[in-house]
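[1] Structure, please.
(chains A and B)
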Amino acid sequence: DTGVSQDPRHKITKRGQNVTFRCDPISEHNRLYWYRQTLGQGPEFLTYFQNEAQLEKSRLLSDRFSAERPKGSFSTLEIQRTEQGDSAMYLCASSLLVPAGENSYNEQFFGPGTRLTVL
Amino acid sequence: GDSVTQMEGPVTLSEEAFLTINCTYTATGYPSLFWYVQYPGEGLQLLLKATKADDKGSNKGFEATYRKETTSFHLEKGSVQVSDSAVYFCALRSPGGGADGLTFGKGTHLIIQP
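    Reported below is the predicted structural model:
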């Protein structure tokens, strides 16, 4: 399977604990994105990387959240001191950005997500 | 900021019925517009897209036209099948400036009955 993979698929933790999720993008994709989706809502953008550089961060990404992509391949999303409000599905996506004209689109391919439950 | 509003579900239709799922947006400039679909137990998949005004995106019998004057991107299909049952998300991407995150609507759950 050459799609986007995420690990773990499910995580249950207690409030105050730290958690880390991993995303492996499609090979050769240079952009990687993190989204959060709560029940009954659409995904909300958190941040994205181009290679190892973090280019955009949403206001939703509080100080307790940190994302890395150290070698420009896989990425990790860490949540420190988890709160019950952090319970959600965390989605990763990747895309291949190629030089193109205005209004081009680099399709984002989504992984299956990691479901976090904070007790 | 940018936002997407789509009709709430669930939407329940009989097989072969005509489908419309409404989507309107608020954004600065001329965003790119998308419909994503999430089938049961699967991840989000791009269904169709339109990158400029009056463009029509189409795929698998679904169509949507980018209407700048009404800031809309309604999804339509002439004859739905049971296999179309899924959650459909309308989304936009703001143009330029390095922004590449998508803004999604809340999703519309579509149920097709045989």
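[2] distance between the ends of stretch A:16-35?
    This stretch, stretch A:16-35, spans 22 Å end to end (C-alpha to C-alpha, to the nearest Å).
[3] those strands in chain A, which residues are they?
    For chain A, strands defined by DSSP state E occupy the ranges A:5-7, A:10-13, A:19-24, A:31-37, A:44-50, A:53-57, A:65-68, A:75-79, A:88-95, A:109-110, A:114-118.
[4] can you put these in JSON lines and add mean pLDDT?
    Shown next, in JSON lines, are those (pLDDT from 0 to 100):
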{"stretch": "strand A:5-7", "mean pLDDT": "96"}
{"stretch": "strand A:10-13", "mean pLDDT": "97"}
{"stretch": "strand A:19-24", "mean pLDDT": "98"}
{"stretch": "strand A:31-37", "mean pLDDT": "96"}
{"stretch": "strand A:44-50", "mean pLDDT": "94"}
{"stretch": "strand A:53-57", "mean pLDDT": "91"}
{"stretch": "strand A:65-68", "mean pLDDT": "96"}
{"stretch": "strand A:75-79", "mean pLDDT": "98"}
{"stretch": "strand A:88-95", "mean pLDDT": "96"}
{"stretch": "strand A:109-110", "mean pLDDT": "93"}
{"stretch": "strand A:114-118", "mean pLDDT": "97"}
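[5] Does residue 77 have any beta-bridge partners, and if so which?
    Reading this off chain A. Here A:Leu77 sits in beta bridges with A:Phe21, A:Ala67, going by DSSP bridges.
[6] try chain B instead
    B:Leu19, B:Phe62.
[7] Same question for A:Phe45.
    Residues in a beta bridge with A:Phe45, per DSSP bridges, are A:Tyr35.
[8] Could you do B:Gln45 as well?
    Under the criterion used (DSSP bridges), B:Gln45 bridges to B:Val37.
[9] so what pLDDT did it get?
    Listed pLDDT for B:Gln45 reads 93.
[10] that older thread, turn the strands of chain A into JSON lines, columns for mean neighbour count.
    In short, each C-beta sits where N, CA and C put it, glycine included. Conversion of the strands of chain A to JSON lines gives the following (neighbours: other C-beta atoms under 10 Å in any protein chain shown):
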{"stretch": "strand A:5-7", "mean neighbour count": "17"}
{"stretch": "strand A:10-13", "mean neighbour count": "14"}
{"stretch": "strand A:19-24", "mean neighbour count": "18"}
{"stretch": "strand A:31-37", "mean neighbour count": "24"}
{"stretch": "strand A:44-50", "mean neighbour count": "22"}
{"stretch": "strand A:53-57", "mean neighbour count": "14"}
{"stretch": "strand A:65-68", "mean neighbour count": "17"}
{"stretch": "strand A:75-79", "mean neighbour count": "19"}
{"stretch": "strand A:88-95", "mean neighbour count": "24"}
{"stretch": "strand A:109-110", "mean neighbour count": "22"}
{"stretch": "strand A:114-118", "mean neighbour count": "18"}
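[11] want to try JSON lines for those strands, with distance to B:Pro95 as columns?
    Output for the strands of chain A, formatted as JSON lines (distance: least, C-beta to C-beta, whole Å):
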{"stretch": "strand A:5-7", "distance to B:Pro95": "29"}
{"stretch": "strand A:10-13", "distance to B:Pro95": "36"}
{"stretch": "strand A:19-24", "distance to B:Pro95": "26"}
{"stretch": "strand A:31-37", "distance to B:Pro95": "16"}
{"stretch": "strand A:44-50", "distance to B:Pro95": "15"}
{"stretch": "strand A:53-57", "distance to B:Pro95": "14"}
{"stretch": "strand A:65-68", "distance to B:Pro95": "24"}
{"stretch": "strand A:75-79", "distance to B:Pro95": "25"}
{"stretch": "strand A:88-95", "distance to B:Pro95": "16"}
{"stretch": "strand A:109-110", "distance to B:Pro95": "21"}
{"stretch": "strand A:114-118", "distance to B:Pro95": "31"}
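[12] Alright, I will stop here.
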